[in-house]
Every structure is written in structure tokens, then in C-alpha cells.
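Build me a structure from this.
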Amino acid sequence: MDSQREKPVDLKTRTREFSLAIIKLHCDLPKSTVAKVIGDQILRSGTSVGAHYREATRSRSDAEFVSKIEGGLQELEETLYWLELLKSADIVPQERIHPIAVEADEIMAIMATCAKKVKAR
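Model (predicted):
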């Protein structure tokens, strides 16, 4: 994510932009076996966040909404794990990982708040 740009307010747009950042990171990974394996994992988890959110917006019940949002939270947690490995293994520099990780944390906070509010009803 470009830290100079203002972040989209709409979570649908924001999760889509997050997915695009993950796709670009995946495309830029080195061609080593380790980078490929981790890259494939982060591509799956990072791009599914937006899919979970979109599914949640079309849910038929509060329970279904919470389930989809919590699925997205699990995918964000997994994405953060893969980002940490890419950084710790010196596959991708910290400056490339940091803005994506910050955005993952922010989206996670928003989605967790959404789930809590619905559970509190």
C-alpha cells in the first residue's frame, strides 16, 4: 500500500486494495523454492480477506455475518504470519513488508470491531 495515499474508507475497496498489494508482492518475490512456497500461501490468505468480507456483506443472519468476518480475521492473521517469515528470512526487506502489515493490522481492527458490534446485539 502506498503510505502517501489516503486510505480508502470503504472496507470493500480497502480489502480489494489489500489483495492487490499482496498480488504485487507475490509477483515481485524471488524465484527461490522457499519464496515460492511462502508466496503461494500468502497469495491465498491475503486475497481471501476481501472475499470473506464481501460474503459477510451478503449474509442472511448475524451469525453468518460474524462467521464470515471471523474467517477474514483468520486469513489476516495467517497473512501476517507469512509476512513475518518473509521479513525474518530476509526474503523481502522490512520496508516492503511494513506498509502491508500495517494495513493488515488496521483491517483486522476494523473487522474485529464489526464482529463485536454484531455479537453485542
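
what about Gly39, distance to Val92?
10 Å (CB to CB, to the nearest Å). No exception for glycine: its C-beta is placed from N, CA and C like everyone else's.

Do a quick rundown of the helices in the protein.
11-28, 33-57, 62-88, 94-119 (DSSP state H).

picking that back up, list residues touching both of Gly39 and Val92?
Shared contacts of Gly39 and Val92, defined by CB atoms under 8 Å, 6 or more residues apart in numbering, comprise 25, 29.

between those two, who's got more neighbours?
Gly39 (23 against 20; other CB atoms under 10 Å).

Relative to Trp82, how far out is the more buried one?
Taken as CB to CB, the span from Gly39 to Trp82 is 8 Å.

next one: Asp90
For Asp90 relative to Trp82 (CB to CB), the value is 15 Å.

What of Leu73?
Leu73 is 15 Å from Trp82, by CB to CB.

Also Arg121?
34 Å.

Check Glu70 too.
Glu70 is 19 Å from Trp82, by CB to CB.

neighbour count winner among those two?
Neighbour totals were compared for Glu70 and Trp82, and Trp82 leads with 22 against 16 (other CB under 10 Å).

List the residues that contact the more buried one.
38, 41-42, 45-46.

Among those, which one has the most neighbours?
Neighbour-wise, these (other CB under 10 Å) top out at Gly46, 27 neighbours.

wait, doesn't that one sit right on Ile22?
Yes - with contacts counted by CB atoms under 8 Å, Gly46 reaches Ile22, the gap being 3.3 Å.
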